[in-house]
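Colleague: Predicted model follows, preceded by the sequence.
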Amino acid sequence: MNLQGLNQEQRKAAETLEGPVLILAGAGSGKTRALTYRIANLIDHGVAPWNILAITFTNKAAREMRERVSSLVGEGGSEVWVSTFHAMCARILRRDIEKLGYTRSFTIYDDDDQTAVLKEQFKLLNIDDKQLALRDVKAKISDAKNKLLTPDEWFAASPRDFRSQQIHDLYSGYERKLRAGNALDFDDLLVRTLELFADHPPVLESYRERFRYVHVDEYQDTNFAQYSLVKLITQKSRNLCVVGDDDQSIYGWRGADIRNILDFEKDYPDATVIKLEQNYRSSANILDAANQVIAHNEGRMEKALWTERDAGDPIRLFCAGDEREEAAWICDRMQRLKLTGHDFGDMSILYRSNAQSRVLEDMLVRAGIPYRIYGGLRFYDRKEVKDIVAYLRCIVNPSDDVSLRRIINQPKRSIGDSTIAELVRYAAEEQMPLYSALVDVPDTLSARPRKCVSEFGDLMNELVMEHEDMGLLDFVTHLIERTGLKAQYEKDQSDESKNRTENIDEFLGAVAEYEKAAENPSLEDYLENVALISDLDNAQPDAKAVTLMTMHSAKGLEFPIVFMAGLEEGIFPTARAFQDDEKLEEERRLCYVAITRAQQQLYISYAAQRMLFNQVNFNAPSRFLKEIPPRLLDEHQMHKRERSFPGVMESYHHPVPKRMPRHTMEAGHGIGAGRSALGIPGVQKGFTPSAASRIPSSAVPSLFKVGDRVMHRKFGEGNVQEIRGSGSDARIIIGFAAYGQKEFVLSIAPIVKVNE
């Protein structure tokens, strides 16, 4: 195996083939390259490809790794089992889950399915979801499963108060419902696999024999269940290679345990530790800032990113008066970058919470900048697509009551809520799946509902039989036509209905693509593939649009130009982290991740006041900004506007909320903020609004011309679009990115020209 293309540490990772190995891979350090070369080198040293397992966290990463391995070793690379945790467990369970009392046609419930089951449990137990939030219950159940706790075990470890008892009862009912429906949620895929291994040692032994070399990417993101699974499989061979970066552990809120990577050497005292610190992504200034911020965390393994690239541009830091001015500044900088040859697709805006996107979106629309929200509604989460999937799931697994309830009156077939409620009651009384009630229709229904239910039951039985005799694409096409799922939208000429029919056609395209690529295509495997697709897997770069996303969503991605918005105390870091050192360190790791998404240019902004969640907040600048040395910041830009406009804050009053008192520059820190600092270089000196009033009114119009870039005290930067009249009657019309077109009396307008 030719390893000449690797740096020294990457090569060491690729050549260390036996025993436990920890590869500490900093952001942008080429970890995937090192990992794929290691797998290829194992095969080159005579290890059978089918004896190698590589676990990633997204299907996209798995696909990329599989392709890279195949390009290095040829056809044999396809026999390496490269998979996500959940896909691996689903594959194992499809083979042996009958040992646990399920059938192989089990359904994998998504978030909406889980919500439907829990809502039913809330009703059955007469629990008010206003007093006990369903979302919180769902999170508690997921956390319990990640820690491998049954409802009773979870309750024993809880405060055992009334609220805990309610959660226990909901969790218990939820589990019973899933088992009755032959269904698993995502957490169950791991839990049931561990249960299978624990209860059936020969099954575990067979996988230990098969997977003699195990690799785990993003090890810092593993939870207790994943950690336990890996430890069980590798207990015999001890050939475990984990790759990760404790500085990028940002998913503690969903069960990830940073101790898994921090304590790796305790678990494996003979482990070889290799640090990948050379960064191939970002400029030196960006890396320096990231290193300076993360160094303030105590619970970390020592390392520092470095690069052979030059220093690059300084980090631009901007204090806005409010969130609208912040968004306008971002839009203005993007438009300028576009004029210098950058595509909007090179740019991304990162924020701490989704709620921050509203104002940003509004300003992008006003500025005419195309954008896309990353992490929005997935294709497979759209109603018309979920309806098709629900039909298909019922064909495969008739015990799936959740899917059946979704489609029983979709399209409309006169089966109302009261009829459905009676069918559910009857099925529960007879202890049978809801599907059985379609055939054995209860006598308590009147003639018309009985007829409608019977007809639907006949339709479903017909489809179940046809499924056995038709190819996958032919069957799905037939199902859509037979059920009228597409026809219901074709009758309506609205744009929404047209979009839905197009999505149905796109779904058929996806089925055709799968059928063509799969070795042995089946409806069961296709549904599993759909269930395991994540939002990250669907990410498609768009050269024409700015990408908006949360900082959490940005992990694993990179952009030439990054804007980090809203760096204020209480927003980032969040107020929840103020009293919890572990949460604060995770927030700092999130800041490190956000900074290291930038390749060439990084812009950071914060506001003196911000309206968020219908409240006006006056927050101090984020502590993370104070951890970036002044030498890395473009501080001159930050204060220039106020220095250039002496007395502007006192001379002009306008009906906007009073802003915070000016922050003073803290000694030794690179942050401070004028009350209204747009920080535009090249502003004309010596001309202020107060000076304008001393200029003869006849001379004022000559100071400006159409196309000039000007600064307004309240509205920020804009372009002169028109000048009308003369003398004291002269009017000037200016277009602002944030506020649209405004007209002023020119002789008293609080504006100055900006030198471009």
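Modeller: That came in fine, so what should we check first?
Colleague: Please count neighbours and contacts with C-alpha atoms only from this point.
Modeller: OK.
Colleague: where does the protein have low pLDDT?
Modeller: For the chain, the stretches with pLDDT under 70 are 375-378, 534-543, 613-614, 635-702, 738-739, 755-756.
Colleague: which residue ends up closest to the midpoint of it in space?
Modeller: Ser553 (3.1 Å; Cα atoms, centre = their mean).
Colleague: which SS class is that residue?
Modeller: coil (DSSP: H, G, I helix; E, B strand; the rest coil).
Colleague: just Trp253 next, same as before
Modeller: helix.
Colleague: Repeat that for the one 3 residues further on.
Modeller: In terms of secondary structure, Ala256 is coil; the call rests on three-state DSSP.
Colleague: what do you get for Glu717?
Modeller: strand.
Colleague: That one contacts Val710, correct?
Modeller: Yes. Under the criterion of Cα atoms under 8 Å, Glu717 makes contact with Val710 at 5.7 Å.
Colleague: Neighbour count for the two, which is higher?
Modeller: Glu717 (26 against 23; other Cα atoms under 10 Å).
Colleague: ok, now which ones touch that one?
Modeller: Shown in contact with Glu717 (Cα atoms under 8 Å, 6 or more residues apart in numbering): Arg709, Val710, Met711, Phe736, Ala737.
Colleague: Return the member of those residues nearest to Gln226.
Modeller: Of all those, Gln226 sits closest to Ala737, with 48.3 Å by Cα to Cα.
Colleague: How much space separates the closest one from Trp329?
Modeller: 9 Å (Cα to Cα, to the nearest Å).
Colleague: Assign a three-state SS to Leu3, would you?
Modeller: coil.
Colleague: The nearest residue to it once chain neighbours are set aside sits in which helix or strand?
Modeller: Leaving aside its sequence neighbours, Leu3 sits nearest to Arg11 (Cα to Cα, 6 or more residues apart in numbering; 6.5 Å). Arg11 belongs to helix 8-15 when elements are defined using DSSP states H and E.
Colleague: Which strands or helices does that helix pack on?
Modeller: Counting by 3 or more Cα pairs under 8 Å, 6 or more residues apart in numbering; DSSP states H and E, the packing neighbours recorded for helix 8-15 are helix 31-44, strand 272-276.
Colleague: Quick check: which of those is nearest to Ser172?
Modeller: Of the helices and strands packed on helix 8-15, nearest to Ser172 by Cα to Cα is helix 31-44, at 41.2 Å.
Colleague: Any idea how far that closest one is from the middle of the chain?
Modeller: 28 Å (Cα atoms, centre = their mean, to the nearest Å).
Colleague: Just put the helices and strands packed on helix 8-15 in TSV and tack on distance to Tyr174 and mean neighbour count.
Modeller: Output for the helices and strands packed on helix 8-15, formatted as TSV (distance: least, Cα to Cα, whole Å; neighbours: other Cα atoms under 10 Å):
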stretch	distance to Tyr174	mean neighbour count
helix 31-44	39	22
strand 272-276	43	19
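Colleague: Mind putting those into JSON lines with distance to Ser282?
Modeller: Listed next are those as JSON lines, based on distance: least, Cα to Cα, whole Å:
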{"stretch": "helix 31-44", "distance to Ser282": "15"}
{"stretch": "strand 272-276", "distance to Ser282": "15"}
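Colleague: among those, which is nearest Gln335?
Modeller: helix 31-44 (34.6 Å).
Colleague: What lies in contact with that closest one?
Modeller: Counting by Cα under 8 Å, 6+ apart, 1, 3, 6, 10-11, 13-17, 25, 49, 52, 65, 68-69, 72-73, 77, 243, 276 sit against helix 31-44.
Colleague: do the same with stretch 82-93
Modeller: Residues contacting stretch 82-93 (Cα under 8 Å, 6+ apart): 53-59, 62-63, 65-66, 104, 186, 189-190, 192-193, 226, 528, 532.
Colleague: which outside residues touch stretch 119-126?
Modeller: Under Cα under 8 Å, 6+ apart, the answer for stretch 119-126 is Asp128, Asp129, Leu134, Leu170, Gly173, Tyr174.
Colleague: So which bits of it are buried?
Modeller: Lys119, Gln121, Phe122 (16 or more other Cα atoms under 10 Å).
Colleague: What is the nearest of those to Leu523?
Modeller: Nearest to Leu523 among the buried residues of stretch 119-126, with distances taken as Cα to Cα, is Lys119, at 28.8 Å.
Colleague: Please report phi then psi for the closest one.
Modeller: phi -60, psi -40 (degrees, to the nearest 10).
Colleague: Could you export the helix holding Arg11 as PDB, CA atoms only?
Modeller: Coordinates of the C-alpha atoms in helix 8-15 are reproduced here as PDB (Å, rounded to 0.1, in the frame of the first residue of the first chain):
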ATOM      1  CA  GLN A   8       3.700  11.700   9.300                       C
ATOM      2  CA  GLU A   9       0.900  11.200  11.800                       C
ATOM      3  CA  GLN A  10      -1.600  10.100   9.300                       C
ATOM      4  CA  ARG A  11       0.900   7.500   8.100                       C
ATOM      5  CA  LYS A  12       1.400   6.300  11.600                       C
ATOM      6  CA  ALA A  13      -2.400   5.900  12.000                       C
ATOM      7  CA  ALA A  14      -2.500   3.900   8.800                       C
ATOM      8  CA  GLU A  15       0.400   1.600   9.800                       C
END
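Colleague: need the next SSE after that helix, C-terminal direction.
Modeller: strand 21-25.
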